[in-house]
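1. sequence and computational prediction follow.
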Amino acid sequence: MSVSKSDYMSNVWADGIFADRVVFITGGAGTIGSAQTRALVHLGANACIIGRNTEKTEAAAKEIAKVRNGARVIGIGGVDVRNFEALKAAADRCVKELGAIDYVIAGAAGNFVAPISGLSPNAFKTVMDIDTIGTYNTIKATIPHLVASASRNPNPNPAGRTGGRFIAVSATFHYTGMPLQAHVSAAKAAIDSLVGSLALEYGPLGVAANCVAPGAIAGTEGMERLASNRIAKADLDRGVPSGRWGTVRDIADATVFLLSEAGNYVNGTTLVVDGAGWRRQGGL
Ligand code: HXC
């Protein structure tokens, strides 16, 4: 399937704003992650995408590299974010091959639809491990590189070059609670908290850490799973105030904003990109 620019970013960004920048992204071969990566690479960045499935990750890297002549995109498969050592090795390889890590996106996540009564302790723990511990491991493996990038790229600087920025892909379920998603809600709440602490501890070193919280994004694995469940679908059908589901492009644009010079003073917060959907969610 061919992908055109309008699928993954709007027309408002200037080419080259991320020239020579390097993004390290877990879940970068996923539906949202690949759109985020495409937008950044289109605008000049090189990228290192991390995934569990080697074939899928390497194929995605090749596809994403096509958005710009000369783009360097490496895919490192076989890396589970629950495994800190594997992530650290991937981060070190990224720096060795691409020269730096200027931006990190923690996008890897796990999800399934289940009521609390249908969750075994291990099921609950699995999602906490992938989402929360995985985000912590990603921070731990990359933070020295982000600090180095922040020190090379003071904020602001005359060239408008940004660095040392972290984004976690969160969610909005924990604002209200969410039936069939107790495990995900708990895991994402912890991610928001973790990112707040990261902003406080590392802000003085020039690192900025934020979350992007997508709402109902069309075409994602998560939404397909939710929409195929009768109770979850009833919740979705309550409607999004903005009148539509989101697109991966909506999330990629928010990501570009946060990593660009336009986001220079945004730190320790969550950019909710959901058409105000969370204000109607959570009922049964
Ligand atoms: C109840 C379930 C279950 C289900 C798995 N488990 N699926 N319990 N209902 N539908 C239980 C298992 O029985 C097991 O518990 C435990 O969870 C671990 O399962 P494994 O299959 O061994 O885990 P693993 O191989 O590590 O796979 C993790 C996974 C899987 C999360 C279960 O679905 C996965 O790898 N997903 C990655 C891709 C993904 O989920 N993408 C969507 C992200 S969307 P027991 O007790 O039997 O050992 C997203 C967005 C959220 O996160 C917001 C949406 C808007």
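-> Sure thing, it's come through.
2. so Met178 sits against Gln281, correct?
-> Yes. Under the criterion of Cβ atoms under 8 Å, Met178 makes contact with Gln281 at 6.7 Å. Any C-beta I mention is one placed from the backbone N, CA and C, and that applies to glycine too.
3. now do the shared contacts for these two.
-> Residues touching both Met178 and Gln281 by Cβ atoms under 8 Å, 6 or more residues apart in numbering: Asp235.
4. just give the nearest non-adjacent residue to Ile139, would you?
-> Leu198 (6.1 Å; Cβ to Cβ, 6 or more residues apart in numbering).
5. run the chain-centre distance for the helix or strand containing that neighbour.
-> Leu198 is part of helix 182-202 when elements are defined by DSSP states H and E. Distance of helix 182-202 from the chain centroid (Cα atoms, centre = their mean, to the nearest Å) equals 13 Å.
6. likewise for stretch 38-55?
-> Relative to its parent chain, stretch 38-55 has a centroid offset of 12 Å by Cα atoms, centre = their mean.
7. endpoints of it, how far apart?
-> Distance between the two ends of stretch 38-55: 18 Å, counting by Cα to Cα, to the nearest Å.
8. can you pull the buried residues of the helix holding Leu198?
-> Counting neighbours by 16 or more other Cβ atoms under 10 Å, one finds that the buried residues in helix 182-202 are 182-192, 194-196, 198-199, 202.
9. just these that are near the ligand?
-> Val184 (Cβ under 6 Å from any ligand atom).
10. surely Asp192 is in contact with Val272?
-> No. Asp192 sits out of contact with Val272 when judged by Cβ under 8 Å, with a separation of 10.8 Å.
11. show me which residues of the lowest-mean-pLDDT helix or strand in the chain are buried.
-> When each helix and strand of the chain is scored by mean pLDDT, DSSP states H and E, helix 230-237 comes last, with a mean of 75. Buried residues in helix 230-237, counting neighbours by 16+ other Cβ under 10 Å, are found at Ala232, Asp235, Leu236.
12. pretty sure the last one contacts Gly215?
-> What it means is Leu236. No. With contact defined as Cβ under 8 Å, Leu236 and Gly215 do not form a contacting pair (9.8 Å).
13. quick check, pLDDT for Lys62.
-> Model confidence at Lys62, given as pLDDT, is 98.
14. next one: phi and psi at it?
-> phi -60, psi -40 (degrees, to the nearest 10).
15. Provide a list of residues in contact with Leu119.
-> Residues counted as contacts of Leu119 (Cβ under 8 Å, 6+ apart) are Ala182, His183.
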